[in-house]
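J.: I would like the atomic coordinates for the input below:
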Amino acid sequence: MGIFDFLKKKKEKRIKFNQIENWSEKYMKDNSIEEIINSFKKETKTRIKEARELLKKLDGAALMNEDIPQRVKQIMEGNKKNYLRKINLFLDEIKPPKLCGEVKEFSKELSKKIDYLSKETQRSFMVLKEFVETELVTVVRKIKEIEDSAKRLNFLMKEKKLEEISKLKELFSQFHNAKETMVALKESKKKRILELEEIEKKEKKSVLDIKKLENGSEYSDYYELKKERQKIDLEIQNMKKELLTHFSTLEKAFKKYKRLSLNETLLDKYIKNPSKAIIEDEEIAISEVMDKMLLSINKLGLKDKKKEKTEEEIKKLSKEFLKEKRNKLRKAIKEQSEIKDKLNKNNSLSKISEYKMKLEKRKRDIENKKAEIKELKKKIKNANPKLIKQEVKKIMEEFSVIIEDN
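T.: As a prediction, the model looks like this:
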């Protein structure tokens, strides 16, 4: 440290804690903060008005070259209309700050909006530049003036530590309301804790209800029925597959014979879906049709090998054989239907699903309630008058002001 450094250090001032509000008001007045902001508002309104006048001039500007095709003129006019509309909308949205604490956010948002405006109007700008560059540039410069003015104000407010002054005012408001705030926050925290305990009780009950259902007879019955359903489904599938294999061998012969037979409808049913056909065939009429077909087999024009296979298959498919297959298939389908009904009436799975959904909701509610309690604890800590005083003292040190206890 140099021997003359003490000369550079700003002289510290000492005030009582209860004098800070008066000090901050005096600081604002001494630094002409209100006048600066009012002056900025007035200048900004003037620049907005000037920008609108320039937009009118741009709208009525004569083309640098009148000898251009009508189509090009239409493109230019379309882009001009778009450009004017977007700039006017932008100007409408400029709301100068009323308080010193709003300056920083205003400047930041204004720059963002100008960047967005630049991207939005880039195409229109490039088109218009070819026709009315002079008038266009004056509009852009005026908008830049508004932005630069806001940046200068923000820099000035930063230099004068207006953000800290705004923070002081906020802290003083918290300090004066600390007692009432503390009571309200503690009451709110107590309420949330009771709500949390209630939800946790419900969560435990949901867990027990789910376990009870999962260990109950209705739930075990459901899974037994599912196994039976899978078993019967497989049986029916195999029966249908077997019938399809048998009647697929006869399909070609059936198609040829139906033109010679009076049983075309019945044959079509067996060609299309043998399982469905045999279930509906009360008298196993197909057996008699096949016997007749066997007598006329030489008229069907089948090749020797196919004819031989057809004869073998018909002999296998006796009336007794088909009747047995039909009865087994009917019985299995009836059993399948009964199992389906029992499964539909068994509510254990839907109940468990419903309970699990409730459990998940309660878990989310618990997490939300814990987050609320955590936030309230933080607010209670911040609402402590001693902590507020410490924060105020720390800010005041930046102004070379020492706070003495009252």
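J.: for the top helix by length along the chain, what is the distance to the chain centroid?
T.: Longest helix in the chain by number of residues, with DSSP state H as the criterion: helix 217-257. Offset of helix 217-257 from its chain centre (Cα atoms, centre = their mean, to the nearest Å): 45 Å.
J.: packing partners for that helix?
T.: Contacting helix 217-257 under the criterion 3 or more Cβ pairs under 8 Å, 6 or more residues apart in numbering; DSSP states H and E are the following elements: helix 264-272, helix 274-280, helix 285-295, helix 304-316, helix 319-345, helix 348-382. Every C-beta, even on glycine, is put in place using the N, C-alpha and C of the backbone.
J.: got those as CSV, with mean neighbour count columns?
T.: Output for these, formatted as CSV (neighbours: other Cβ atoms under 10 Å):
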stretch, mean neighbour count
helix 264-272, 16
helix 274-280, 18
helix 285-295, 16
helix 304-316, 14
helix 319-345, 14
helix 348-382, 15
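J.: closest to residue 250 out of those?
T.: Nearest of the helices and strands packed on helix 217-257 to residue 250, taken as Cβ to Cβ: helix 304-316 at 5.6 Å.
J.: give me the distance between the closest one and the centre of its chain.
T.: What separates the centre of helix 304-316 from the centre of its chain is 66 Å, taken as Cα atoms, centre = their mean.
J.: same check, this time on stretch 46-60
T.: Computed by Cα atoms, centre = their mean, the separation of stretch 46-60 from the middle of its chain amounts to 42 Å.
J.: contacts for that stretch?
T.: The list of residues contacting stretch 46-60 from outside it, by Cβ atoms under 8 Å, 6 or more residues apart in numbering, reads 80, 83-84, 87-88, 91, 94, 128, 132, 135-136, 138-139, 142-143, 145-146, 149.
J.: report the buried residues of that stretch.
T.: Within stretch 46-60, the residues that count as buried by 16 or more other Cβ atoms under 10 Å are 47, 48, 51, 54, 55, 58.
J.: try stretch 180-196
T.: Along stretch 180-196, these residues count as buried under the neighbour rule (16+ other Cβ under 10 Å): 181, 185, 189, 192, 196.
J.: stretch 88-95 now?
T.: Neighbour counts over stretch 88-95 (16+ other Cβ under 10 Å) mark 90, 91, 94 as buried.
J.: can you classify the second one as helix, strand or coil?
T.: Read it as residue 91. Classification of residue 91 into helix, strand or coil gives helix, according to DSSP: H, G, I helix; E, B strand; the rest coil.
J.: quick revisit: to residue 399, which of the helices and strands packed on helix 217-257 lies closest?
T.: When these are compared for distance to residue 399 using Cβ to Cβ, the nearest one is helix 348-382, at 22.4 Å.
J.: now the element after that closest one, going C-ward?
T.: For helix 348-382, the succeeding helix or strand toward the C-terminus, using DSSP states H and E, is helix 385-397.
J.: any weak-confidence spans in the stretch 1-150 of the chain?
T.: 1-11, 64-66 (pLDDT under 70).
J.: how about the helices of it, start to end?
T.: Remark: helices of the stretch 1-150 of the chain, listed N- to C-terminal, are 5-8, 20-30, 33-60, 70-92, 103-120, 122-129, 133-159; assignment by DSSP state H, counting those that start in this stretch.
J.: so can I have CSV of these showing distance to residue 171?
T.: Putting those into CSV (distance: least, Cβ to Cβ, whole Å) gives the following:
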stretch, distance to residue 171
helix 5-8, 30
helix 20-30, 9
helix 33-60, 18
helix 70-92, 36
helix 103-120, 18
helix 122-129, 45
helix 133-159, 18
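J.: would you confirm that residue 402 belongs to a strand?
T.: Yes. Residue 402 forms part of a strand when assessed by three-state DSSP.
J.: residues of stretch 229-249 that come out buried?
T.: 229, 232, 235, 236, 239, 240, 243, 246, 247, 249.
J.: of those, closest to residue 394?
T.: For residue 394, the closest of these turns out to be residue 229, at 73.5 Å, with distances computed as Cβ to Cβ.
J.: any idea of the mean pLDDT in the longest helix of the chain?
T.: When pLDDT is averaged along helix 217-257, the result is 90.
J.: so it versus helix 264-272, what angle?
T.: 120 degrees (axes from the mean of the first three to the mean of the last three Cα atoms, to 10 degrees).
J.: about what we covered before: what about the helices of the stretch 1-150 of the chain, which gets the closest to residue 365?
T.: Where these are weighed against each other on Cβ to Cβ, the nearest is helix 103-120, at 35.3 Å.
J.: got the angle between the strand or helix carrying residue 194 and helix 348-382?
T.: Residue 194 is part of helix 178-214, with elements assigned from DSSP H and E. Between the axes of helix 178-214 and helix 348-382, defined by the same axes, to 10 degrees, the angle is 160 degrees.
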